[in-house]
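Chemist: I would like to see how this sequence folds:
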Amino acid sequence: MNNVYLPEKEKLDGYLDQVEWLPPAPSLMVKLIGLVQQPDRDPGEIVELMKHDPAVTAEVLHRCNSPVYGEEEPVTDLEEALFRLGFLEVYRITVALFSLQTIAANRAVHAMHIESLWRHSAITAIIGGTIARELGESEGIAFTAGLLHDVGKVVLAMAEKSRYANLQREYGASGIPIHEAEKAAFGFSHSEVGALLLHRWGVPDDVAMPVLSHHDAFWTGPHERAAAIVYLANVIAHHSEPAIPGQLCDLPDAGHALELLELRITDLPRLQEMALADILRLGTLLTAAF
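Modeler: Numbering: from 1, shown residues only. Predicted structure coming up:
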């Protein structure tokens with residue numbers, strides 16, 4: 001993580017080393033993240049990469065054939081899926097599956113509501129992708145960072161178990177932001193834990209930096225726009241839930257992100273309308289059997 005500064009990285013490394021079980025590195029996802037950044041990516045290379053994971057391939061084809069995509073003839077192989085849907089759509093499905101597996105691996109730990117975490121992560125990802133597309137930024141990177149922005153909560157829940165469950169209940173009743181409560185209790189927030197986990201996975205800074213700073217209000221450096229996009233998407237998702245975004249929300253803490261992205265508060269209804277359309281179109285990403 002060349003450009004991501006963690007103030008207590010050595011201590012955080014030691015903390016992660018003591019966690020009994022950490023989500024394994026999704027090597028295919030990491031390679032696909034690298035490809036999504038390349039404008040001249042080779043479809044053949046993508047297919048070869050994905051063929052090494054038959055389970056993911058089967059699930060991608062299954063989801064590609066869902067009614068949401070409106071295809072009359074079934075998609076029978078990855079080449080056809082790429083041709084019909086395009087790389088970004090197949091990429092979104094694949095990354096969502098890996099993220100879902102990571103979150104669902106925590107099902108034995110009763111420290112958090114897995115379904116709610118997944119739904120929030122997926123909605124944040126879709127909103128982030130919508131904003132990025134509208135601003136001419138990388139939709140795939142924003143989608144991925146949005147999907148993984150709370151992965152540190154999975155690690156803290158696994159490491160702290162009932163202690164983390166109690167913390168979540170207490171912060172929910174007190175109104176204290178969860179990242180501040182985590183910092184006070186454990187010395188780290190889920191943002192820092194998640195960013196370091198992504199670093200260990202080999203995920204590039206383009207994704208890890210927005211994960212690290214998705215609760216910050218100010219950003220600087222080469223990834224500031226991506227960080228602001230994920231921050232804004234997270235705020236919109238939180239203010240919109242449990243309903244899917246469909247109307248303008250009061251977003252008092254979105255001002256700095258809007259300013260950095262050169263957006264106005266009056267742009268939000270249009271962005272939310274576009275995000276709603278994407279959420280409805282990508283609805284299969286929001287449904288999962290836990």
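
Chemist: Could you use CA atoms for every contact and neighbour count after this?
Modeler: Fine.

Chemist: Give me the residue ranges of the stretch 1-150 of the chain where confidence is low.
Modeler: Along the stretch 1-150 of the chain, the model assigns pLDDT under 70 to residues 1-7, 68-72, 106-112.

Chemist: Would you tell me what helix or strand residue 166 is located in?
Modeler: helix 162-174 (DSSP states H and E).

Chemist: tell me the mean pLDDT over whichever helix or strand comes after that helix?
Modeler: Later in the chain than helix 162-174, the nearest helix or strand by DSSP H and E is helix 178-186. The average pLDDT within helix 178-186 is 90.

Chemist: what sits against residue 229?
Modeler: For residue 229, the contacting residues are 128, 131, 132, 142, 257, 261, by Cα atoms under 8 Å, 6 or more residues apart in numbering.

Chemist: mind checking the SS state of it?
Modeler: helix (DSSP: H, G, I helix; E, B strand; the rest coil).

Chemist: Kindly state the pLDDT recorded for it?
Modeler: 95.

Chemist: same question, the one 3 residues further on
Modeler: Looking at residue 232, its pLDDT stands at 92.

Chemist: That one - how many residues pack around it?
Modeler: Neighbourhood size, residue 232 [other Cα atoms under 10 Å]: 27.

Chemist: Same check on residue 10?
Modeler: Neighbours of residue 10 using other Cα under 10 Å come to 9.

Chemist: roughly how far apart are it and residue 92?
Modeler: Distance of residue 10 to residue 92, given as Cα to Cα, to the nearest Å: 33 Å.

Chemist: sorry, back to before: and the helix holding residue 166, what other elements does it pack with?
Modeler: Secondary-structure packing of helix 162-174 (3 or more Cα pairs under 8 Å, 6 or more residues apart in numbering; DSSP states H and E): helix 151-160, helix 178-186.

Chemist: Show residues contacting stretch 132-151.
Modeler: Against stretch 132-151 from outside (Cα under 8 Å, 6+ apart): 33, 36-37, 88, 91-92, 95-96, 99, 102-103, 117, 121-122, 124-131, 190-191, 194, 206-208, 210-212, 214, 226, 229-230, 233-234, 261.

Chemist: circling back to that earlier point, among the contacts of residue 229, which one is most surrounded by other residues?
Modeler: So for the contacts of residue 229 (other Cα under 10 Å), the most neighbours sit at residue 128, 33 neighbours.
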